[in-house]
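A.B. asks: what would the 3D arrangement of this be:
(one chain, ligands or ions: 1)
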Amino acid sequence: MSAHKELAERHRRVLPSWLALYYDEPIELVSGKGCFVTDAEGHEYIDFFGGILTTSIGYGVEEFVEAVRAQAGRMVHTSTLYLIRPMVELAERIAGLSGIADAKVFFVNSGTEAIDAALMMCCAARKSNQVLALRNSYHGRSFAAVGVTGNRAWSPSSFAPLSVSWLHHGDRLRGIFAGLDDKEMCRAAAADLREVLATTTAGDVACLIAEPIQGVGGFVVPPDGFFGALQEVLAEYGILYVSDEVQTGWGRTGEHFWGYQAHGVRPDLLVLAKGLGNGLAIGGVVGRATVVDALGPNSISTFGGNPLAASGALATLDYILEHELQANALAVGKQLHRRLAQATASSKIVAEVRGKGLMLGLELVEAGTLTPAPQIANRVLQAAKERGVLVGKGGLYGNVLRISPPMSVSGEVADQGASHLIEAVEAVERAGH
Ligand SMILES: Cc1ncc(COP(=O)(O)O)c(C=O)c1O
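C.D. replies: Reported below is the predicted structural model:
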């Protein structure tokens with residue numbers, strides 16, 4: 001039996017059935033360098049998914065590895081009951097980068113935990129349990145995070161600690177706003193928000209929480225200014241605005257350091273995780289001090305901002321800034337987008353190539369229609385792996401391939417990965433899927 005087969009069997013025996021694995025024969029990635037990873041059977045791949053947009057600067061980056069190794073040798077854990085120098089330094093750096101005046105930062109261990117913390121801060125600040133979220137969103141897997149996740153495929157329970165009202169999202173391909181131009185879509189979204197507030201809430205809503213680009217939702221990109229149009233309405237009610245930057249932060253969209261900056265909004269809180277630690281478990285909330293400080297009773301996070309994760313995150317942030325990875329995401333993202341769009345322009349199974357920077361989605365459909373084709377997406381995912389490139393999947397219907405390599409990816413490697421992916425699309429299309 002192969003090493004992968006044997007491990008997959010053991011995995012299935014002792015891990016939950018809902019802990020999904022990619023591929024007919026799941027693989028174990030055991031080492032990596034730059035944007036390349038190697039599996040337990042010695043196959044090398046270009047990593048176009050970066051551990052779900054988390055390996056932000058790449059594998060085996062010396063500065064990062066050294067910072068983590070040095071900190072591990074000195075001190076791994078003390079708890080937040082004691083001063084943690086790397087945590088304080090990281091908070092100062094993130095507060096400065098946030099675009100929010102006099103910001104404070106609270107560190108946790110994951111995006112989910114950060115979402116929970118942000119919602120609790122807003123509810124405490126506004127003394128309300130009402131929140132607004134977008135359809136087709138994904139915010140994590142705790143009760144509160146699932147409660148604001150607008151995607152049945154990721155919502156195992158309808159129980160939620162919050163009263164949630166749902167807004168339309170910014171999909172241009174299908175859905176209620178499809179076909180509208182940018183201005184009309186922003187206007188329609190604001191009108192929808194007014195109606196939702198008037199019909200499904202008591203008015204004193206705590207916050208709106210939204211991803212600037214819906215990640216798990218299939219890299220759905222609303223027009224620039226979409227959230228600005230919503231915030232004009234929110235401001236009339238004093239409703240707070242929370243930008244979930246778990247996927248869009250740290251320059252990944254190329255144009256901006258944060259996703260919210262494309263929208264002319266003033267967020268009250270940003271939610272952080274994934275790319276911040278380049279794979280180390282760290283998440284956080286940065287925002288207006290009055291909102292962050294709104295929690296009355298004591299609170300701690302045993303592991304949040306621990307010396308190891310904070311040191312790794314500082315090294316990651318330094319690397320992103322010193323190597324201008326935002327500019328790289330813009331340039332290589334544009335090149336990749338162009339290449340994929342040109343190569344699939346006449347494909348009958350690719351309805352759209354979309355995205356910003358190094359967040360690119362390929363929407364797979366039944367040939368010549370707009371009907372979502374999750375089976376075809378699966379086949380292309382598999383065929384791409386067989387050709388040496390790992391991509392991700394998402395979308396409300398599970399039919400969107402997601403391309404999000406480490407932000408350090410070179411134009412050459414991106415082109416090589418794109419060739420493999422294009423060949424995979426062509427092979428699946430030729431086979432009549
Ligand atoms: C936008 C967004 N928010 C929150 C989360 C939850 O993060 P985590 O998986 O670290 O709990 C995710 C995870 O994919 C995400 O994409």
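
A.B. asks: measure stretch 153-167 end to end?
C.D. replies: Terminal residues of stretch 153-167 are spaced 18 Å apart (CA to CA, to the nearest Å).

A.B. asks: list the buried ones in that stretch?
C.D. replies: By neighbour count with 16 or more other CB atoms under 10 Å, stretch 153-167 contains the buried residues Trp154, Ala160, Leu162, Val164, Ser165, Trp166, Leu167. In this view, the C-beta of every residue, glycine as well, is placed from N, C-alpha and C.

A.B. asks: out of those residues, which comes closest to the ligand?
C.D. replies: For those, the closest approach to the ligand (CB to the nearest ligand atom) belongs to Trp154, at 9.2 Å.

A.B. asks: list the contacts for that closest one?
C.D. replies: Trp154 is in contact with Tyr138, Arg141, Val146, Val216, counting by CB atoms under 8 Å, 6 or more residues apart in numbering.

A.B. asks: burial count for Val30?
C.D. replies: Residues near Val30, counting by other CB atoms under 10 Å, number 12.

A.B. asks: please report the distance of the closest residue to it other than its chain neighbours from Pro26.
C.D. replies: Spatial nearest neighbour of Val30, chain neighbours left out: Ala40 (5.1 Å); criterion: CB to CB, 6 or more residues apart in numbering. Distance of Ala40 to Pro26, computed by CB to CB, to the nearest Å: 11 Å.

A.B. asks: before we move on, what about Val233?
C.D. replies: 46 Å.

A.B. asks: more neighbours: those two, which one.
C.D. replies: Using other CB under 10 Å as the criterion, Val233 and Pro26 rank with Val233 on top: 18 against 15.

A.B. asks: what's the host helix or strand of Ile320 packed up against?
C.D. replies: Element membership for Ile320 (DSSP states H and E) is helix 307-322. On a contact count with 3 or more CB pairs under 8 Å, 6 or more residues apart in numbering; DSSP states H and E, helix 307-322 meets helix 62-74, helix 85-97.

A.B. asks: and the next element down the chain from that helix?
C.D. replies: Next element after helix 307-322 (DSSP H and E): helix 325-343.

A.B. asks: could you list the buried residues of that next one?
C.D. replies: Buried residues in helix 325-343, counted by 16+ other CB under 10 Å: Leu325, Gln326, Asn328, Ala329, Leu330, Val332, Gly333, Leu336, His337, Arg339, Leu340, Ala343.

A.B. asks: ok, stretch 261-274 next?
C.D. replies: Going by neighbour count (16+ other CB under 10 Å), the buried part of stretch 261-274 is Gln261, Ala262, His263, Val265, Pro267, Asp268, Leu269, Leu270, Val271, Leu272, Ala273, Lys274.

A.B. asks: cool, and stretch 131-147?
C.D. replies: Along stretch 131-147, these residues count as buried under the neighbour rule (16+ other CB under 10 Å): 131-140, 144-147.

A.B. asks: do stretch 87-101 as well
C.D. replies: Judged by neighbour count (16+ other CB under 10 Å), stretch 87-101 contains these buried residues: Met87, Leu90, Ala91, Arg93, Ile94, Ala95, Leu97, Ser98, Gly99, Ile100.

A.B. asks: need these in CSV with distance to Gly175 and pLDDT, can you?
C.D. replies: Output for the buried residues of stretch 87-101, formatted as CSV (distance: CB to CB, whole Å; pLDDT from 0 to 100):
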residue, distance to Gly175, pLDDT
Met87, 41, 98
Leu90, 38, 98
Ala91, 39, 98
Arg93, 38, 98
Ile94, 34, 98
Ala95, 36, 98
Leu97, 33, 98
Ser98, 31, 98
Gly99, 30, 98
Ile100, 31, 98
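
A.B. asks: what's the most distant pair in the residues you listed?
C.D. replies: Taking CB to CB as the measure, the buried residues of stretch 87-101 reach their widest spread between Met87 and Gly99, a distance of 21.0 Å.

A.B. asks: and this structure, which residues reach the ligand?
C.D. replies: Within the chain, the positions near the ligand by CB under 6 Å from any ligand atom are 52, 110-112, 115, 138-140, 211, 215-216, 244, 246-247, 273, 283.

A.B. asks: turn the buried residues of stretch 87-101 into TSV, including distance to Thr369.
C.D. replies: Converted to TSV, those look like this (distance: CB to CB, whole Å):
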residue	distance to Thr369
Met87	52
Leu90	48
Ala91	50
Arg93	48
Ile94	45
Ala95	49
Leu97	44
Ser98	43
Gly99	42
Ile100	44
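
A.B. asks: tell me the contacts of Gly275?
C.D. replies: Gly275 touches Leu53, Thr54, Thr55, Ser56, Gly249, Trp250, Arg252, Thr316, Met407, counting by CB under 8 Å, 6+ apart.

A.B. asks: no no, Leu370
C.D. replies: Leu370 makes contacts with Leu173, Arg174, Ala351, as judged by CB under 8 Å, 6+ apart.

A.B. asks: C-alpha coordinates for the helix or strand hosting Glu236, CSV please?
C.D. replies: Using DSSP H and E, the element containing Glu236 is helix 226-237. What follows is helix 226-237, C-alpha atoms only, in CSV (Å, rounded to 0.1, in the frame of the first residue of the first chain):
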residue,chain,number,x,y,z
PHE,A,226,-19.6,48.7,-2.8
PHE,A,227,-18.9,48.8,0.9
GLY,A,228,-18.6,52.6,0.9
ALA,A,229,-22.1,52.8,-0.4
LEU,A,230,-23.2,50.5,2.4
GLN,A,231,-21.3,52.5,5.0
GLU,A,232,-23.2,55.7,4.1
VAL,A,233,-26.3,54.0,5.3
LEU,A,234,-24.7,52.3,8.3
ALA,A,235,-23.4,55.7,9.5
GLU,A,236,-27.0,57.1,9.7
TYR,A,237,-27.7,54.4,12.4
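
A.B. asks: residue nearest the middle of this protein, spatially speaking?
C.D. replies: Closest to where the C-alpha atoms of the chain average out (CA atoms, centre = their mean) is Gln247, at 2.4 Å.

A.B. asks: so that one lies in a helix, does it not?
C.D. replies: No - counting by DSSP: H, G, I helix; E, B strand; the rest coil, one finds Gln247 to be coil, located in no helix.

A.B. asks: quick one: stretch 35-42 to chain centroid distance?
C.D. replies: 24 Å (CA atoms, centre = their mean, to the nearest Å).

A.B. asks: kindly report the same for stretch 385-401.
C.D. replies: With CA atoms, centre = their mean, you get 15 Å for stretch 385-401.

A.B. asks: do the same with stretch 219-231
C.D. replies: Relative to the chain's own centre, stretch 219-231 is displaced by 16 Å; criterion: CA atoms, centre = their mean.
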